[in-house]
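[1] Predicted structure and sequence below. I'll ask about it afterward.
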Amino acid sequence: MSFSFSSIHDDAESCVQSSIMHSLDGKRYRHKDVGSLVDSLNDTILDELKKLSDNLKYIVSTTILQSEVDSEESSNTSAKGLSLGGCALFDADSDGALSVQWSNDSMTVICNVYGILI
């Protein structure tokens, strides 16, 4: 098992990317489904990360944004924007973070993962 986030960073990033693709590819943004999509995606990513190393605690945070206006969802045609910021204090030798962005024609997903040595 790995004892630092940096040693699994690339595998963790691949895990997040494949989890997003598997969970969301072909799906369209639907306001009523976003909450369950985020919960399901976070659970899937967390389960996969635990397989990489059980010596780390993980924090997974996912944001799903509507990319286009769907007449079924909204009549608002204004552009959408988002600015996010974050800050963390951790041991750079053992802990780490990554961010993965994925989009289709209907939504944009931003997934942030933090790994902290137990």
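    Perfect, I can see it now.
[2] Mind jotting down where the helices sit in this protein?
    Taking DSSP state H to define them, one finds helices in the chain at 5-24, 31-52.
[3] Arrange those helices in a markdown table, one row each, with mean neighbour count and mean pLDDT as further columns.
    For every residue, glycine as well, the C-beta is placed using N, CA and C. As requested, those are arranged in a markdown table below (neighbours: other CB atoms under 10 Å; pLDDT from 0 to 100):
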| stretch | mean neighbour count | mean pLDDT |
| --- | --- | --- |
| helix 5-24 | 18 | 96 |
| helix 31-52 | 15 | 95 |
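[4] will you turn those helices into JSON lines that also has distance to residue 111?
    Formatted as JSON lines, these follow (distance: least, CB to CB, whole Å):
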{"stretch": "helix 5-24", "distance to residue 111": "5"}
{"stretch": "helix 31-52", "distance to residue 111": "7"}
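[5] can you tell me which of those comes nearest to residue 110?
    Nearest to residue 110 among the helices of the chain is helix 5-24; the distance by CB to CB comes to 10.0 Å.
[6] now the angle between helix 31-52 and that closest one, please.
    Relative orientation of helix 5-24 versus helix 31-52 (axes from the mean of the first three to the mean of the last three CA atoms, to 10 degrees): 140 degrees.
[7] Which other helices and strands does helix 5-24 contact?
    Packing partners of helix 5-24 (3 or more CB pairs under 8 Å, 6 or more residues apart in numbering; DSSP states H and E): helix 31-52, strand 96-103, strand 107-117.
[8] Next, report how far it is displaced from the centre of its chain.
    9 Å (CA atoms, centre = their mean, to the nearest Å).
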